[in-house]
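Participant: fold the following for me, if possible:
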Amino acid sequence: MENKSLKNILVVNLSLIGDVILSTPVIRNLKLNYPDASIRFLTVPWSKEVVANNPYLDEVIVYDKHNGDKGLYGLIKISKIIKRYSFDLSVIVNKSFGSALICFLARIPQRISYAIEGRNWLLSQKIKFDENLHLAENHIRLLALLNIKNCDRRLDFSFTNSDLQYIDNLLNKDSKGIKPLIGINPSASWETKRWGVDKYIRLANMIKSEFDVDIAFIGSKMDEKVVNSVVENLNFECLNLLNKTTLPQLGAFLSKCKLFITNDTGPMHLAVAVGTPVVAVFGPTSPSKCGPFYGDNINIQSNLACINCYKKKCDSLKCMDSISVERVFEAVKFKIKSKS
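Facilitator: Alright, predicted model coming up:
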């Protein structure tokens, strides 16, 4: 399908921060191919900041599906709001039933997404989700339904000069901001994605002992226990950014890092988007499918048979426990020296 007359486009992603970042090439390529069209983005409150400053969007519409827009009433409510825009096209990068239903109820004539059993009747065009491809690559493949080819695959994340100034002020406090900066994210939303507090303590101490760098830890409110458990047991003074940044400010911080060390998290994709090299530790998820989309990065994973299980709970956590501190440190050391 190719329709250069499209004037009003909706992109839908009701997922987590990382997935929303991975869908930004869809926005960019829609704008490149339909430069005169208005493009809006429907997302959830916790992911709004990912696209708040996106230069290719005219508006971000928020669907608060767990609070104000909860349940069937909320779904009908947001569908009516979407209907008022008279969209020509919706590109639904979610695989959920609800995301497709919203666009169907809003009577958007062209609704493209992944073929998922039980919701195909809600779509006007669809493709099969390729389980062998990276998530971002699957999102980009949706554009083939619009005959958009040779796509620009870059991720987009924007922050302001005031965000940079805020980070500069944090880093310059106590004379920080002079040495090379290493960012570390020791937590993750899934317990099974966390490499372990003790291991991050040892890793940070080893890095500080060998290199003349500043080390900063990041995290949101949900990460308080993990981050504080690491920071309070280091043998040096670090910079603790726990609960101190908005998402755009975090992007500004990551843009200043020489290297970012992390589990499989949203900030990992954020680092890729702003061009910062990543060393990422993986267990239950696949680096080839949901790891850094591109860039000068190192992914570390065990070779156990149970990896890539995508379990949020596990009795053993052996896939993460079997990754040694020494192995991650060697990767970090390589990256630091290669960027010197």
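Participant: CA atoms only for the worst-scoring helix or strand of the chain on mean pLDDT, dumped as CSV, please.
Facilitator: Of all helical and strand segments in the chain, the minimum by mean pLDDT, DSSP states H and E falls on helix 318-321, at a mean of 87. Output of helix 318-321 as CSV, limited to C-alpha atoms (Å, rounded to 0.1, in the frame of the first residue of the first chain):
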residue,chain,number,x,y,z
LYS,A,318,21.8,-19.3,37.5
CYS,A,319,22.0,-17.7,34.1
MET,A,320,22.9,-14.4,35.8
ASP,A,321,24.9,-15.9,38.7
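Participant: now the helices for this protein?
Facilitator: 17-22, 24-33, 48-51, 71-83, 97-105, 135-141, 161-172, 197-210, 224-231, 247-255, 266-273, 287-290, 318-321, 325-338 (DSSP state H).
Participant: go through the second one and flag the buried ones.
Facilitator: Read that as helix 24-33. Neighbour counts over helix 24-33 (16 or more other Cβ atoms under 10 Å) mark 24-31, 33 as buried. In short, each C-beta sits where N, CA and C put it, glycine included.
Participant: kindly report the same for the last one.
Facilitator: Under the neighbour-count criterion of 16+ other Cβ under 10 Å, helix 325-338 has 325, 328-329, 331-332, 335-336 buried.
Participant: for it, give me every contacting residue.
Facilitator: 180, 182, 195, 199, 202-203, 206-207, 210-211, 213, 258-259, 261, 277, 279, 281, 296, 298, 300 (Cβ atoms under 8 Å, 6 or more residues apart in numbering).
Participant: in strands only, show me those.
Facilitator: 182, 259, 261, 279, 281, 298, 300 (DSSP state E).
Participant: what sits closest to the last one if chain neighbours are left out?
Facilitator: When the adjacent residues along the chain are set aside, Ile300 lies closest to Val281, with 5.2 Å between them (Cβ to Cβ, 6 or more residues apart in numbering).
Participant: confidence score at that neighbour?
Facilitator: We note a pLDDT of 96 for Val281 in this prediction.
Participant: how close does it get to Asp321?
Facilitator: 11 Å (Cβ to Cβ, to the nearest Å).
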